[in-house]
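Peer 1: can't give you the sequence, but here's the structure:
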């Protein structure tokens, strides 16, 4: 696996922090890592974006690439149109990821929001880029009530497009999980049709880089190079 696409079941669920954790564990294992963000929205020129956050957490050995940036916090296609800027195509994403894969052991392609968020006016999505790359998809999901439905729908969308779901990672696992979160953790694999591969603690993104890197392996399962197991 040289390219892994990281998608979410929605926004603000810990996708960037999960991407950083996967990158940190891979780097600790001696692998070279690149992180590709096809479209960054809601960030002004000169402000740090998601790839900068991954570098801060995982370390400066990460090669960080951002293809396009749009100032308004909207879906990439809408943000590009409103800004009068070119949209990003799946072909451009795939080409860039393939070039990075030629010189890196692992390339992480982090989407914007959910799997079917539109990149352009033609309705292209992260799923189209994953298909061009023939890459597996790691789904980052929320912990609490309602997440099983969103996770199941994402899994169905992947299978309908002939894409392989590597598994699910809970992106913001609460320090004190409620009943719904505890039950969901036991059901993710069944509803997703793919294994639960980790749980990143809520608030992990505020850690310093050194502490983040030291702890990241305990948040991810062996399939992602870590030591996490479902309690």
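Peer 2: Received it, and whenever you're ready, just let me know what you need. All of these numbers come straight from a predicted model, not from anything done at the bench.

Peer 1: going forward, measure contacts and count neighbours with C-alpha atoms only.
Peer 2: Noted.

Peer 1: all helices for the chain, in order.
Peer 2: 15-28, 50-58, 76-83, 90-101, 126-133, 147-160, 179-192, 209-215 (DSSP state H).

Peer 1: deepest-packed of the ones you listed, please.
Peer 2: Of all these, helix 15-28 has the most neighbours on average by mean count of other CA atoms under 10 Å, namely a mean of 26.

Peer 1: who are the packing partners of it?
Peer 2: strand 3-8, strand 33-41, helix 50-58, strand 106-114, strand 165-173, helix 209-215 (3 or more CA pairs under 8 Å, 6 or more residues apart in numbering; DSSP states H and E).

Peer 1: cutoff 10 Å now
Peer 2: strand 3-8, strand 33-41, helix 50-58, strand 106-114, strand 137-141, strand 165-173, strand 196-201, helix 209-215 (3 or more CA pairs under 10 Å, 6 or more residues apart in numbering; DSSP states H and E).

Peer 1: which regions of this protein lie under the pLDDT threshold?
Peer 2: Where the chain drops to pLDDT under 70, the residues are 1.

Peer 1: on that earlier part again, winner for burial among the helices and strands packed on helix 15-28?
Peer 2: strand 137-141 comes out most buried of the helices and strands packed on helix 15-28 by mean count of other CA under 10 Å, with a mean of 28.

Peer 1: tell me the angle of that one relative to helix 126-133?
Peer 2: 160 degrees (axes from the mean of the first three to the mean of the last three CA atoms, to 10 degrees).

Peer 1: pull the distance from stretch 64-81 to the chain's centre.
Peer 2: Computed by CA atoms, centre = their mean, to the nearest Å, the chain-centroid distance of stretch 64-81 equals 16 Å.

Peer 1: please report how far residue 8 lies from residue 231.
Peer 2: According to CA to CA, to the nearest Å, residue 8 and residue 231 sit 23 Å apart.

Peer 1: let me see the contact set for the closest residue to residue 202 other than its chain neighbours.
Peer 2: Distances taken as CA to CA, 6 or more residues apart in numbering place residue 172 nearest to residue 202, at 4.1 Å, with adjacent residues excluded. Residue 172 is in contact with 12-15, 17-18, 140-144, 199-205, counting by CA atoms under 10 Å, 6 or more residues apart in numbering.

Peer 1: cool, and residue 124?
Peer 2: Per CA under 10 Å, 6+ apart, neighbours of residue 124: 77, 88, 89, 90, 91, 116, 117, 118.

Peer 1: hmm, 7 Å instead?
Peer 2: Neighbouring residues of residue 124 by CA atoms under 7 Å, 6 or more residues apart in numbering: 90, 118.

Peer 1: tally of neighbours for the spatially closest residue to residue 131 that is not a sequence neighbour?
Peer 2: Nearest residue to residue 131, sequence neighbours excluded (CA to CA, 6+ apart): residue 163, at 6.6 Å. Residues lying near residue 163 (other CA atoms under 10 Å) number 19.
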